[in-house]
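The following block contains a protein sequence and its predicted model.
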Amino acid sequence: MGNTHPSPSTPGQLLPGEEVLLVLHPSRWGYAWHFLLGVLLVGGGVFIPLVEGRIIAILAGVFYAGYTEMRRRRTTYSLTSRRLIRERRLLSRRSSTVLYSQITDLHLAQSFLGRLTRTGTISINTAGKDGFEMVMENIPHAEQVRSTIESRMIEHETGRD
C-alpha cells in the first residue's frame with residue numbers, strides 16, 4: 001500500500017510516543033495528463049523544423065514532466081498513531097495536521113479512472129470548521145487508506161490508543 005518509513009522531515013514533527021504507520025505520495029495516475037503533456041511537447045518538438053524551436057519544445061516538455069514528478073514526490077501524507085500530516089515541500093514548505101479525535105467526516109471520491117487504478121481523493125472534515133480541513137489527493141489504494149483512518153478514528157473514540 002505505501003511505505004512505513006518516515007519522510008525526511010516527519011521525525012522532527014512526531015509527538016512523544018507517536019509512531020509513523022504509513023507514508024504516502026500521490027499516485028502518478030493522478031498526474032497522467034501532466035506527464036502526457038510533457039511527452040507530447042518532447043515528441044512534438046522533434047517535428048519542429050527550426051532547431052531553436054525544437055530545442056525549446058523538447059526542453060519545455062522535459063522540464064514540465066520533471067517538475068510534475070518533483071511536485072508529486074514532494075507531497076507527503078503521513079498517517080501516524082495519533083494524526084494525519086500533509087506536507088508539501090518544493091520551494092517552500094507547508095504542513096497541516098489533523099488529529100484522529102477531531103475528524104467528524106471522511107469522504108472518498110473516485111473517478112472512473114480512479115476506480116480502475118485504485119486511486120482517489122480523501123477529504124476530511126473536523127468539528128468547527130467550514131469545508132474540508134485536509135484533502136489528500138490522488139491517494140494510491142484509497143479505500144484501504146480510508147479504512148485505516150476510520151480504524152484509527154474508532155480506536156481514538158473508544159480510548160484504545
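Received, thanks.

From residue 134, how far off is residue 41?
Distance from residue 41 to residue 134, counting by Cβ to Cβ, to the nearest Å: 33 Å. (Glycine included, C-beta is placed from N, CA and C.)

same thing with residue 72?
Going from residue 72 to residue 134 by Cβ to Cβ gives 18 Å.

swap in residue 140?
17 Å.

got the contact list for residue 86?
75-78, 95-97, 134, 136 (Cβ atoms under 8 Å, 6 or more residues apart in numbering).

Report the two of those residues separated the most.
Taking Cβ to Cβ as the measure, the contacts of residue 86 reach their widest spread between 75 and 97, a distance of 15.0 Å.

give me the low-pLDDT residue ranges for this structure?
Residue ranges of the chain with pLDDT under 70: 1-12, 129, 160-161.

Can you point out the buried residues in the longest helix anywhere in it?
Identified as the longest helix of the chain according to DSSP state H is helix 51-73. For helix 51-73, the neighbour count (16 or more other Cβ atoms under 10 Å) marks 57-58, 60-61, 64-65, 68, 72 as buried.

just checking, what packs against that helix?
Of the remaining helices and strands, those touching helix 51-73 by 3 or more Cβ pairs under 8 Å, 6 or more residues apart in numbering; DSSP states H and E are helix 32-46.

angle of the helix it packs on against helix 51-73?
160 degrees (axes from the mean of the first three to the mean of the last three Cα atoms, to 10 degrees).

other SSEs contacting helix 32-46?
Helix 32-46 packs on helix 51-73, going by 3+ Cβ pairs under 8 Å, 6+ apart.

in this protein, which spans are helices?
In the chain, the helices defined using DSSP H lie at 32-46, 51-73, 112-117, 142-158.
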